[in-house]
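K.L.:
Show me how the following folds:
(2 chains)
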Amino acid sequence: MKPVFMTYTKKDLINLAVCMVLSVLVIPTFITTEYWYTSILIPWLCLALATIGQQIVMGYTGQLALGAAGFMAAGAFAMFNLILRVPDLGFVGSLIVSGLIAAAFGILFGLPSLKVRGIYLMVATLASQFFIIWMIDKFGWFKNYDSSGIITAQDIVILGKPFTTPLAMYFVCLAVTTVLTLLAMNMARGSTGRNWMAVRDMDIAAESMGVSLLRTKVQAFAISAFYCGVAGALFAFCYLKSLEPVAFDIKLSFKILFMCILGGLGTINGAFIGAAFILLFPVLLNAIGNNVFHGAIDATIISSIEQVIFGGLMIIFMIYEPLGMAKLWENIKQKWKTKIPSSTNIKSSLSKKT
Amino acid sequence: MVDELLFFMEVLVGGLLAGTMYSLVALGFVLIFKASATFNFSQGAMVFFSVLAFVGFMQDFNIPFVLAFILAALLMVVVGLCTERFVLRPLMNASEDTVLMATIGLGYVLEGLAQAAWGVEVRRLDLGIGDFPVPWIADNLKLFISALDITAGLVAAIMIIGLFLLFKYTKIGLGLRAVADDAGAASSIGIPLKHIMLLVWSAAGVVALVAGCMWGARAGVQFALVDLALKALPVLIIGGFSSIPGAIIGGLIIGAVEKVLEVYIGPFFGGAIEGWAPYVLAIFFLLYRPEGLFGEKIIRRV
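P.N.:
Just a heads-up that it's a prediction; the model follows:
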């Protein structure tokens, strides 16, 4: 059977064009401070990519997984070793292969999902988190026998050209993220995504309708880990510019989980919204602490308050809007539309119905 | 040969006793799971929160030991009250996964509150029980076993017996079991759901406090306790989520296997396999016996 893809509407193409113009033309011309690129835009793109990975397995396939940072670490260290040992592969080739290596781990640790679900699966995926970090930490080969613990990432060179300035790195991240996001959207719209969602909504029913659970779940875990692996490699090479296993600890996994849930489960744009919120909110809090209270509040207290607010928001969202900020945004748009019924809207809604 | 056997015994007993510390944390999970089929991911945060409050009361306000303990226990009752009112009650009809995510959020709130109130530095907790080998056992049995481990084992035993009796023979216990079985039916025959929930969460809070005291005396009262408490998850998978004896046996298995593996196999891999060995063990259990040793069989219907 040929996979049936839902066609893109005019609106989708306009959205894409707007996003591209914003990110390629508007941002580079108006934002000139390095801080924005190195501390906000680059980590935002990397973490959003990892969150898409988390989305695929959690939001679309409905499997509670908590090991995104482990796969990110696998991707990052695979990248380091590939560039070091197989220089012929080039940056893009290494990126893809390191994603595939992470995907292999994803398949391995996704296998328990065939038997268990919910919290049980969460524990099984925690094993991947701890195991991968331990493995990288204990076997010197992965770190090229570097004893200092922190390895400097190699410079990014694509087709002989170095990409070392923040702006260049931003474009590298942007290009990778754009390609992978479009791919993810396509998968989610197509038969792949419909299988994922069928498994999420009722796996037994899906199975009895001919959706192979083995294939669908393993596929989701592999693709998710691929995204996390690529995101991890970018995170290490463009943002941290160093490699250390500690950077990919369980806290990062929780962070990505929060981005995924607060952003909106089962949506791709939710990944970007969630990542932006989790990254920007601490910046905002620190700014308030510095400018309103003039540093009277200790930085550790501010980070504690941040934690309380994230946790509190998680509870509030679970109670009032379990589908997160993306749904909230959708609701606001919907309300706006119903309030001002313009002729075009009515027309489009009519044409949709027929 | 005898020395090797003694050494093995020492590792094994040490592991078993250390395992009871995991059991104490797991016990809190089981209590809540039994009564409300809610998986409380914030149990680890509750351990951290309660013991930090306890130490904070003692060190910052110079409140004597017993009074501070009572105050911390009361604080946990308040936490239970707020959780029931503001988190669980609105989520009464939500899916399991939604409640689980809400408890992850609750864990974040508790960790943040604890650190905002009492700071982030590691605090020492002195229970008056040393973490060193008991001389009497060392002399007579030639085993070096920490006094703290033995205390933890005793405390765990007492709590298990107490909770077991409570569940089995009291009216409250009967109510708890009824609610666990079918909350709707239980409330329709007049069992006060609210009170039962409050009771369970308070009990879990006090259990968390006791577990926190044991861990705190060993490793210092610090944020790492939350990560340690995560190890209660494999314990639960092995023992079964709804079984109190399961939590104990699971803890013992994890403690013993983890120590024995670390001592005998760890050196080949550069050590520190304790970090993931329990989880991998849990995966094997999941593949062969997903409901755990003592758990009820999970039956799903379309």
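K.L.:
Now do the phi/psi pair for B:Thr146.
P.N.:
If you look again at residue B:146, you'll see it is Ser, not Thr. phi -70, psi 140 (degrees, to the nearest 10).
K.L.:
Specify the beta-bridge partners of it.
P.N.:
According to DSSP bridges, the partner residues bridging B:Ser146 are B:Pro133.
K.L.:
Am I right that it is in contact with B:Phe132?
P.N.:
Yes. Under the criterion of CB atoms under 8 Å, B:Ser146 makes contact with B:Phe132 at 6.3 Å. Yep, even glycine has a C-beta here, placed from its N, CA and C like the rest.
K.L.:
Looking at these two, which is more packed in?
P.N.:
B:Ser146 (19 against 12; other CB atoms under 10 Å in any protein chain shown).
K.L.:
Could you tell me the phi and psi values at A:Leu243?
P.N.:
When read as degrees, to the nearest 10, the backbone of A:Leu243 gives phi -130, psi 120.
K.L.:
So what pairs up with it in the strands?
P.N.:
A:Ile151.
K.L.:
can you count the residues close to it?
P.N.:
29.
K.L.:
For B:Leu252, see how far away it is.
P.N.:
39 Å (CB to CB, to the nearest Å).
K.L.:
what's near enough to touch B:Gly44?
P.N.:
Remark: with contacts taken as CB atoms under 8 Å, 6 or more residues apart in numbering or on different chains, B:Gly44 is in contact with B:Val25, B:Gly107, B:Leu225, B:Val226, B:Asp227, B:Leu228, B:Ala229, B:Leu230, B:Ala232.
K.L.:
so it is in which element?
P.N.:
Secondary structure assigned from DSSP states H and E places B:Gly44 in helix B:43-61.
K.L.:
Show me what secondary structure element comes after that helix.
P.N.:
helix B:65-83.
K.L.:
what is the orientation angle of that following helix with helix B:43-61?
P.N.:
140 degrees (axes from the mean of the first three to the mean of the last three CA atoms, to 10 degrees).
K.L.:
Flag the shaky bits of the stretch 101-250 of chain B, pLDDT-wise.
P.N.:
By pLDDT under 70, the low-scoring segments of the stretch 101-250 of chain B are B:128-131, B:134, B:137-143.
K.L.:
what residues does it put near chain A?
P.N.:
B:101-102, B:104-113, B:115-116, B:119-120, B:227, B:230, B:233-234, B:237, B:241 (CB under 8 Å from any CB of the partner chain).
K.L.:
switch the cut-off to 7 Å
P.N.:
B:101-102, B:104-109, B:111-113, B:115-116, B:120, B:227, B:230, B:233-234, B:237 (CB under 7 Å from any CB of the partner chain).
K.L.:
Mind checking which of the residues you listed land in helices?
P.N.:
B:101-102, B:104-109, B:111-113, B:115-116, B:227, B:230, B:233-234, B:237 (DSSP state H).
K.L.:
Quick check: ChimeraX command selecting the buried ones in these.
P.N.:
Buried members of those, defined by 16 or more other CB atoms under 10 Å in any protein chain shown, are picked up in ChimeraX with:
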select /B:101,102,104,105,106,107,108,109,111,112,113,115,116,230,233,234,237
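K.L.:
Quick one: name the residues of chain A near chain B.
P.N.:
Within reach of chain B by CB under 7 Å from any CB, chain A has these residues: A:64, A:112, A:115-116, A:118-120, A:123-124, A:126-127, A:130-131, A:134, A:138, A:204-205, A:250, A:261, A:300-301, A:304-305, A:307-308, A:310-312, A:314-315, A:318-319, A:322.
K.L.:
returning to that earlier point: using neighbour counts, pick out the buried residues of the helix holding B:Gly44.
P.N.:
B:43-58.
K.L.:
gap between the residue lying closest to B:Leu230 once chain neighbours are set aside and chain A?
P.N.:
Excluding the flanking residues, the one nearest B:Leu230 by CB to CB, 6 or more residues apart in numbering or on different chains is B:Gly44, at 6.0 Å. With distances taken as CB to the nearest CB, to the nearest Å, B:Gly44 is found 11 Å from chain A.
K.L.:
Give the rounded mean pLDDT of the strand or helix carrying A:Ala287.
P.N.:
A:Ala287 is located in helix A:268-291, with elements delineated by DSSP H and E. In this model, helix A:268-291 has an average pLDDT of 89.
K.L.:
residues touching the closest residue to chain B within the stretch 51-200 of chain A, list them.
P.N.:
Proximity to chain B, evaluated over the stretch 51-200 of chain A using CB to the nearest CB, is greatest for A:Ala127 at 3.4 Å. With contact taken as CB atoms under 7 Å, 6 or more residues apart in numbering or on different chains, A:Ala127 is in contact with A:Phe109, B:Trp276, B:Tyr279, B:Val280, B:Ile283.
K.L.:
and what of B:Phe33?
P.N.:
Contacts of B:Phe33 by CB under 7 Å, 6+ apart are B:Phe39, B:Phe241, B:Ser242.
K.L.:
Can you list phi and psi of it for me?
P.N.:
Backbone torsions of B:Phe33, given as degrees, to the nearest 10, read phi -60, psi -40.
K.L.:
And it, what's its pLDDT?
P.N.:
86.
K.L.:
now the helices for the stretch 51-200 of chain A?
P.N.:
Applying DSSP state H, counting those that start in this stretch to the stretch 51-200 of chain A gives helices spanning A:68-85, A:90-110, A:119-138, A:166-189, A:191-201.
K.L.:
which of those helices sits most buried?
P.N.:
Most buried of the helices of the stretch 51-200 of chain A by mean neighbour count (mean count of other CB atoms under 10 Å in any protein chain shown) is helix A:68-85; its value is a mean of 27.
K.L.:
helices or strands next to it in the packing?
P.N.:
helix A:42-54, helix A:90-110, helix A:119-138, helix A:213-234, strand A:242-243, helix A:250-263 (3 or more CB pairs under 7 Å, 6 or more residues apart in numbering or on different chains; DSSP states H and E).
K.L.:
orientation of the fourth one relative to helix A:68-85 in degrees?
P.N.:
In this case it means helix A:213-234. Using the same axes, to 10 degrees: helix A:213-234 against helix A:68-85 is 60 degrees.
K.L.:
so which strand or helix has the residue lying closest to A:Phe281 once chain neighbours are set aside?
P.N.:
Among residues not flanking A:Phe281 along the chain, A:Glu306 sits closest, at 6.8 Å (CB to CB, 6+ apart). A:Glu306 belongs to helix A:299-320 when assigned by DSSP H and E.
K.L.:
got the CA positions of that helix in CSV?
P.N.:
Taking C-alpha atoms only, helix A:299-320 is exported to CSV below (Å, rounded to 0.1, in the frame of the first residue of the first chain):
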residue,chain,number,x,y,z
ALA,A,299,21.1,33.5,42.8
THR,A,300,20.5,30.1,44.3
ILE,A,301,17.1,31.3,45.7
ILE,A,302,16.2,32.5,42.2
SER,A,303,17.0,29.1,40.7
SER,A,304,14.9,27.5,43.5
ILE,A,305,12.0,29.8,42.7
GLU,A,306,12.4,28.9,39.1
GLN,A,307,12.1,25.2,40.0
VAL,A,308,9.0,25.9,42.0
ILE,A,309,7.4,27.8,39.2
PHE,A,310,8.2,25.1,36.6
GLY,A,311,6.8,22.4,38.9
GLY,A,312,3.7,24.5,39.7
LEU,A,313,3.1,25.2,36.0
MET,A,314,3.4,21.5,35.3
ILE,A,315,0.6,20.8,37.8
ILE,A,316,-1.6,23.7,36.6
PHE,A,317,-1.2,22.6,33.0
MET,A,318,-2.0,19.0,33.9
ILE,A,319,-5.2,20.1,35.6
TYR,A,320,-6.4,22.7,33.2
